[in-house]
Each structure stands twice: as structure tokens, then as C-alpha cells.
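A.B. asks: let's see this in three dimensions:
(chains A and B)
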Amino acid sequence: MKRGTFTILCLLLMLTGCWDSNEIEDVGLIIGVGLDYGKDEEFSMTHQYVVPNNIQGIQGGLSTGQPFQNLTLEGESFFEIIRENSLETDRPPNFTHLKSLVVSDELIEKESVRKLISFFLRDHEFRRTVAVFTTKENVATIMEVEPTKEIFPAVQIKELTQNNYKSLEILENTKFSDISKYISEDASFVIPEIEINKDRIRLSGAAIISNKDFKLVGWLNSKEVQGLKWITNTVKSGLVSLTDESDNNTKDHVVLEIIKANTKIDPTLDKGELKVEVTINTTIRLGEDWNIERDVFEPGWNKKINKDAEAHIKRSVEKVISLAQEEYELDFLTISKWVRIKEPAYYEKHKKNWNSIFKDVPISVNVNVDVDGYGTQDLK
Amino acid sequence: MKIRKRSNKQTTVTEQIIEDFHNSSDVQFKSLALPSLDITLVFICDITNKKTIQDLIIAPLLALVNQDEPVNPSSIPSILPVEAIDVVNNREKVNTYLMDGYSIIIASGKAEIVYAINTSKFVKRNTEEPVNEPTISGPRDGFVESIEDNKALIRKHMHSSDLVFERYSVGTEVKTCIELVYLKGKAREELLNEARERIDAIEAEYIGDAGLLEQTISKNKYSTFPELTNTQFPLKVTNALMEGKITILTDGSPTALIAPTTLNMLLQTPDDYYFKWIPASLTRILTYFAAIISFVLPAIYISLISFHHGLIPTDLAISLSKTREGVPFPSVIEAFLMELTIEILREAGIRLPKPIGSTVSIVGAIVIGETAVSAGIVSPMMVMVISFTAICSFTVPNYQLSLALRSIRFFLLFFAAILGIYGMLIALFIISTHLVSLRSFKVPYMEPFAPFRLNQLKDSVIRLFFKQDKKAGKTHE
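C.D. replies: Residues are numbered from 1 along each chain as shown, chains lettered A, B, ... in the order given. Prediction:
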């Protein structure tokens, strides 16, 4: 009896056949998606398919044609457009290897990100590591830009931010997971912006998404991104460029490289009034010095650089704070997170009207810079 | 000697022998007429040493021919210059002695007295290094086909008075001599009883080799895993005896069977103990790793490539999809084709004589591997996966286990082809359930992993230094 049951179970298993099996070469791997308004219908969606046969160098053989195919289709909803794909490709689209999602600025200006991303968060094929970008250019055009080092534009776009530890102007990727987190936290956030510069894709600034309706409200340029990076404690390295006025009234460049950086946001309640203290501690190293008068072997040589750097960083941080508090009245600086952690009762009470409170919160910025060296050699 | 019509009337021993051996040409008789005594010498000419017979039996007896005094049959043992003479009074014994190469002396005076003298000379091989168990620095003597020599080898490697050989004769039609070997005081009594019971229960007609014996006394008939380890290394046997295990030697087979067997034991090689513990442990880890790869890799590859594309890194996924472009079969068929090819090549390599065997591997590697890819029948990645799997399975030290893992590989591949990683996990679940419930001579097969034995783990995936081994041994006693 027992054996009979077992046999039947085994046979049942065979009835399924190769259920759900789909060979990898029969799958249309999509590595990039672009969203925009359509010309004829409501939305347009650009799919970047991998065309494996056109990739050079894997199996010798020369191949002609692009290793990717961009398919731009229009429709009423994204899900419908994806299904429409099947009319034009023989391979079922597969989004498990999706790298980046590019959204046009018009789209996020008029439509809530929350609505746009709904489908991508619901479907299981989309990984939560997909990086989201926005652009003022035409989405279909920017996804056609020939990549310089990678094989696919979508990969190139995603990998651009890999250098975020090298420059203060590069934000970390805003991933699907981040967006879903921000939306459920009800927080404002930024999405990195890309543009076409001399036929190459280039990171520029960032788009600010408001937490009121999750639509685009404004832009940050590269300089302002620096301040944002300082305040959100995402600085890993980068350069601080100063203009140094030396004694004989000539202007010299001093470029400092950031070795270590740490930002602490400390909200305190003082008689029911919220005060936020931002403390930035950073260690920098003299990277390039045009002032040949400076003698690094003299004690106290770095005092002036310290002071200048502190002022420089403070200025850029205060710039972005004033943008957030005065111009946009939106907390995209993640201050709310720290208030929630450190003063949970207060935040709970004012969660609903956080934006209106935020714009009047006094934020003080302290920057402590420590110049720890001048590199391997000083010309003296 | 089961059903043999015995004539009821009184026959002479000579007649009996003629009847029992059916006039076989190699049974030879020689009659000597001594004063008042007829002597018939019987021996099987091919397995006896003629010079011994001549010098030790015939010559001394002939010297008596010219003597006047009558020769007393009972005085024969004192006349012949040999170490041991047995008196035989049983018809069956006579036959056994003859087949063992003894010479039978039938002295027929008033009554018949039968003596047996060992004059055996069997064809045998010198001890050589076992072919399928190569070692780097260990002793290189291996068992041979003669059970006496094998016993001698064990004695040589183990100077202990506790070493006990128990002789059994098995087979209902044709008797084969087997020896149960154990170390008194080390081997548990239950284990010995279990072994004795199983040997007594043998009902086979003929046990020609240790492999046959293994299958007859094994209780896990439906399992692909071996219940007894076979080895041709005396040192492996003595190590096992030291651990309280038992060994069974079979006459005519160069293979010794060790019981009980655990999975852990099958993955050990004697070399593990000859080197310092850190490299030895690393080798052990490597062996375990390779053994696991040797049965899961094709299944994992199939599942990833035809079910879970999202689990492959993007760059690899793209290049895989490029290399598989134009392959006419689904990956499952492709995998089975390649597996089949490898198995055929392996079998061909074993069956063919050695000089041609290497040709087969070259033809296999170049023709099948290279040209099948360029002909577009299989993808290069599949060739890589399958050949890597094959190489991994060669690192499994025990051939029986390697065979078992080969069968499991197909089982897993089948499940993976149906349900992907989910199916593979089902198959792994079935296999591990089976392994955990498996017993070899009442010892859990997965020991020391399940049931978990912490103090035995130091000689499993890793091999710790010996000093600690000794300490653990003391606390045991």
C-alpha cells in the first residue's frame, strides 16, 4: 500500500512534464526600460533587449549589428505594453536581469512616482536592485546612446554611479527598494539625473521628488548634490577644491582629497522646540597645491587650509539646507529619519505636518576638518 | 556436493574418489606395494608440487619396499618427513583436502586408514600495488587472490595477539572459504554476532568473489550506497580493525570487505593520515566538496539555465544565451546526451585493454568534446559542466561510492529537468532521508553527522591532529 502511494506520487510528478521550463536562449533578456509619454497613446515604454548573437568576442566570430535592440511601444498601461511586446519579438520578455529604469522628467512631473512604480514593485520578475534615473532628454534617444565601455547602454547608465566614492557629485543609485522605502516612509527623495553630453551619457544632478504627491518638484545641480551627499552621510571620497589667497595676493588652487567623512545628525528638543545639529567630521589630504610658498614642514601649515575647507563644506551644506527649507519646503535631506529615531514621540505627533515644521527647524552645521597629510612627497 | 547418489554398499576410498570426481583427468592415483600393505597415493596433479610428493612421500615409502617387516599403517606418519599429517575419516573431508592441494595416502591393510599431507602449489600473483587505490606515500602492498597470503599481509601489518581469524566455508553448491577478521577487545560483540549471523544465513550456490559476498550479506538491497567498504589495502584493513570494525576476506579475491561502513569512511583515503593535519584536512574538505559537485552540478546547471535565469549573474546569463544559440536540443536532452557519452567513454576505457584505453579517452575528448561543440550539437558550457563533473567524480576515493554518486546524479538531473531547483531539492530531500535512515551492520550510515557525534567530527570533513585522538581514546576506555 505504502509503496503503491509512493509510485503514484512519482508518476504524478512526471505528469507535470518540464513545467515552467524555458531555455535561456529562448528568453528575451531585458536589461533596460525607459518610460515616457507616448505620441499616440498615453504611455510609451522602451525595452532594451539583449541580442546575444551580436555580442562580439564571446565565441570568436565577427558579428554585425548592435548587441541590443530597443523596442519602443505605446499603450495605456505598462503591463499592456509589455504584453504588446510579444507581437514583435519571438522571445518572451524576461525582466530578471533588468539593470536600470529611465523615466522622463515630464512623466514624473505629471504622474506620481507611486503610480508609475506600482507595476514594477508588484511583479516578481523585477529585482529590487534596479536603479532608477530621470532625464530631461528623450528617453528613447538616451537609451540608444552608444556605450563607451560597457556593451549595453542600460548597464552603462547603472554603472556610472559606481564611481560615487570618487566624486562628491555622484549620488548613490536610487533603487526600486529605496523608492519603495521612501514611499512607505512618506519621505521626499531624489532621483539621479542623466543627460547626453557630446554623444555620451553623463550624470548631471538629481531630481527632487516631493512627498506630497510623489511628483517632480525641482532639480539639484551637481554643486548642490555635493551638499546633499555631505548631509546624508554618503560621502566616501571626493575632492574639495579651494581657492587659496596667499600672502602676496595671488590666487592659488588647493585641491583636497577626502579620506574619511562622517556626518551626524542630532535632533534635540529644547522646551518643545526642535533643533537639529549637523556635525560633519572629515579627514582630508592635500592633493594638489599651487601655492609653492607653503611649507608643509612647518608646524601649523594646515591651519589655514582647515579653516578654508570647513567654510567651503559648510557653505555647500547650508546651500542645500536653504534650498530644502526655503525654496522647496521639502525634507529630502532625510532629517526626518533622524528625528524619528532620536525623538520618536515628537515625530509621531508631527508626522502629518512634518513639511511645514521642517521649513522652520533651526539647523546648525558644524564642520571639523582634519588635514592629515600632504601625500607622498612635498617639493622642498 | 548437494545431491549425489551414494551407493549403499561398502566401497573403498579409491572408488569413492573416482566416483566423486567423475574420473576427472587431473586426479591422479599411484599405487605402491609395501610389504603387507597396499598404499594408494591420490592427488590432483595441477595444484600439487610434484617434487614435494616425490621427495617427502614416495621416496620414503619406496625405501620400505625392500624391507622384510610388515609395515603398520599407523606408523606411516612417523616414517614420512613432513610437518603435519592429518588422519581423515570422512568422505567429504577427503574431497576437500584433495581440492586444497593435499595428497591423500590410502593405506589399506586390514582396514583403510587415510592420511592427508599438504603438498599444495597454487598459481598466484605477487603482491602488487592495488590499481584502483593509488597512494602517494603509504605502503604499496596489496591483497592478492590467495587468502593465506592476505592473512599473512594483515598479520605483517598488525603484530597483535588479539587479531583473530574465524574461518567459514560458504556456498551451498561449491564451498568457498571466507575469514572473519577482528581485533578481540576492539570489535563489539553485537557487531561480531551480526556478522556471524549474516555469514551463516548465506544461501548462495557459489561465492566466487568478495563483490558477490558483499551483495549476499548486504541488507540494503534497494540502496545504491555500499553497505561494506571494499579495499585491497592491508593497511586500510588494519586501520579499520583498530577502530573496532570487522573485515571479511574471501578466498580467491583480492578484495577485503570492511563493515560497518559509513559515508564518512568512504570519503577517506589512507593518505589523509600520512601527512600533517592542515594539508590533510584541506584535502579532505576538497574531497567532500568534489563529491558533492560530482552529483549536483549538472542538476544545478539545468535548473539555472532552463528555469531560474534570474539567479545567473547578468554577464554570464548573456554569454550563456549566446553560446546556446543554435543548439537544437533543450538543455535537459543535451545534458543527458553528454552524460551518456561520458559514461560510455568511461565504460569503454575500463573494458578495453590498457594500450587502446588511452586512445579512447583522446578520441572522446577531442572528437566528442571539440567537434560536437563546433558541429553545434552541444553548447561549450555544457561540455565544461559535464566534464568537470566527471573529473570531480574521479576524486571520490572509493569506486563503489563513485558508482553510487553516478546513479544519484541521473536521479537529480531528472528531477531538476522537471521542476528546476525545487525539483532538485525534492530529490536531495529524498536522498538525504534515505541516507539518514540507512544502517550498515546497525550503525547509522551518516555517522558522525547524523546522529551528531562531536568527538568523531575531528576525523570527518577535517582531520585534526592525532594527539587529541589519543586523549579521546583514553576517555573512552
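A.B. asks: which pLDDT value goes with B:Ile258?
C.D. replies: On the pLDDT scale, B:Ile258 is placed at 93.
A.B. asks: tally up the residues packed near it, please.
C.D. replies: Using other Cβ atoms under 10 Å in any protein chain shown, B:Ile258 has 22 neighbouring residues. Heads up, the C-betas are built off the backbone N, CA and C, glycines and all.
A.B. asks: now the helix or strand harbouring it, how far from the centre of its chain.
C.D. replies: Assigned by DSSP states H and E, B:Ile258 falls within strand B:256-259. In terms of Cα atoms, centre = their mean, to the nearest Å, the centre of strand B:256-259 is found 7 Å from the chain centre.
A.B. asks: which strands or helices does it pack on?
C.D. replies: Contacts defined by 3 or more Cβ pairs under 8 Å, 6 or more residues apart in numbering or on different chains; DSSP states H and E place strand B:256-259 against helix B:210-217, strand B:229-231, helix B:234-242, strand B:246-250.
A.B. asks: now these in JSON lines, with mean pLDDT and mean neighbour count?
C.D. replies: Output for the helices and strands packed on strand B:256-259, formatted as JSON lines (pLDDT from 0 to 100; neighbours: other Cβ atoms under 10 Å in any protein chain shown):
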{"stretch": "helix B:210-217", "mean pLDDT": "90", "mean neighbour count": "20"}
{"stretch": "strand B:229-231", "mean pLDDT": "90", "mean neighbour count": "25"}
{"stretch": "helix B:234-242", "mean pLDDT": "90", "mean neighbour count": "22"}
{"stretch": "strand B:246-250", "mean pLDDT": "94", "mean neighbour count": "26"}
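A.B. asks: any chance of these in JSON lines with distance to chain A as columns?
C.D. replies: Formatted as JSON lines, the helices and strands packed on strand B:256-259 follow (distance: least, Cβ to the nearest Cβ, whole Å):
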{"stretch": "helix B:210-217", "distance to chain A": "22"}
{"stretch": "strand B:229-231", "distance to chain A": "29"}
{"stretch": "helix B:234-242", "distance to chain A": "35"}
{"stretch": "strand B:246-250", "distance to chain A": "32"}
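A.B. asks: can I get those in TSV with distance to B:Asn118?
C.D. replies: Formatted as TSV, the helices and strands packed on strand B:256-259 follow (distance: least, Cβ to Cβ, whole Å):
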stretch	distance to B:Asn118
helix B:210-217	25
strand B:229-231	30
helix B:234-242	24
strand B:246-250	20
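A.B. asks: A:Ser44 is nearest to which of these?
C.D. replies: A:Ser44 lies closest, by Cβ to Cβ, to one member of the helices and strands packed on strand B:256-259: strand B:229-231, at 68.4 Å.
A.B. asks: paired strands for the closest one, with orientation please.
C.D. replies: Strand B:229-231 has its sheet partners listed here by DSSP bridges as strand B:256-259 (antiparallel).
A.B. asks: how far is the next helix or strand along the chain from the strand it pairs with from where the chain is centred?
C.D. replies: Next helix or strand after strand B:256-259 toward the C-terminus (DSSP H and E): helix B:263-266. Distance of helix B:263-266 from its chain centroid, counting by Cα atoms, centre = their mean, is 16 Å.
A.B. asks: next one: phi and psi at the residue of chain A found nearest chain B?
C.D. replies: When scored by Cβ to the nearest Cβ, chain A has A:Thr96 as its residue closest to chain B, at 2.9 Å. With angles defined as degrees, to the nearest 10, A:Thr96 sits at phi -70, psi -20.
A.B. asks: need the pLDDT of A:Ser63.
C.D. replies: If you check A:Ser63, the pLDDT there is 56.
A.B. asks: oh, that last question was meant for A:Ala207, not what I typed.
C.D. replies: 92.
A.B. asks: for chain A, what helix or strand is lowest in average pLDDT?
C.D. replies: Of all helical and strand segments in chain A, the minimum by mean pLDDT, DSSP states H and E falls on helix A:2-15, at a mean of 74.
A.B. asks: contacts only, for B:Val237.
C.D. replies: Contact criterion Cβ atoms under 8 Å, 6 or more residues apart in numbering or on different chains gives B:154, B:157, B:181, B:231, B:247, B:256, B:258 as the residues in contact with B:Val237.
A.B. asks: so which of these comes closest to chain A?
C.D. replies: B:Ile258 (31.8 Å).
A.B. asks: wait, the closest one sits on B:Asn239?
C.D. replies: No. Between B:Ile258 and B:Asn239 no contact is recorded; they are 9.2 Å apart, counting by Cβ atoms under 8 Å.
A.B. asks: roughly how far out does whichever strand or helix holds B:Thr40 sit from the chain middle?
C.D. replies: Element membership for B:Thr40 (DSSP H and E) is strand B:37-44. Between the centre of strand B:37-44 and the centre of its chain there are 39 Å (Cα atoms, centre = their mean).
A.B. asks: which strands and helices lie in contact with that strand?
C.D. replies: helix B:13-20, strand B:27-34, helix B:91-99, strand B:102-108.
A.B. asks: for these, which one ends up most surrounded?
C.D. replies: Highest mean neighbour count of those: strand B:102-108, a mean of 23 (counted as mean count of other Cβ atoms under 10 Å in any protein chain shown).
A.B. asks: what's the strand holding B:Ile258 in contact with?
C.D. replies: The contact list for strand B:256-259 (Cβ under 8 Å, 6+ apart) reads B:143, B:150, B:181, B:191, B:195, B:210, B:213-214, B:227-232, B:234, B:236-237, B:240, B:245-250, B:265, B:440-441.
A.B. asks: sketch out the low-pLDDT regions of the stretch 201-350 of chain B for me.
C.D. replies: Across the stretch 201-350 of chain B, nothing is flagged by pLDDT under 70.
A.B. asks: how about the residues of it near chain A?
C.D. replies: For the stretch 201-350 of chain B, the residues in contact with chain A (Cβ under 8 Å from any Cβ of the partner chain) are B:305-307, B:309-310, B:312, B:314, B:317-325, B:327, B:330-332.
A.B. asks: in helices, which of those residues appear?
C.D. replies: B:305-306, B:314, B:317-323, B:331-332 (DSSP state H).
A.B. asks: OK, contacts around the residue of the stretch 251-400 of chain B found nearest chain A?
C.D. replies: Residue of the stretch 251-400 of chain B nearest chain A, by Cβ to the nearest Cβ: B:Gly310 (2.9 Å). Residues in contact with B:Gly310 (Cβ under 8 Å, 6+ apart) are A:94, A:96-97, A:125, A:127.
A.B. asks: just the buried ones from these?
C.D. replies: A:94, A:96-97, A:127 (16 or more other Cβ atoms under 10 Å in any protein chain shown).
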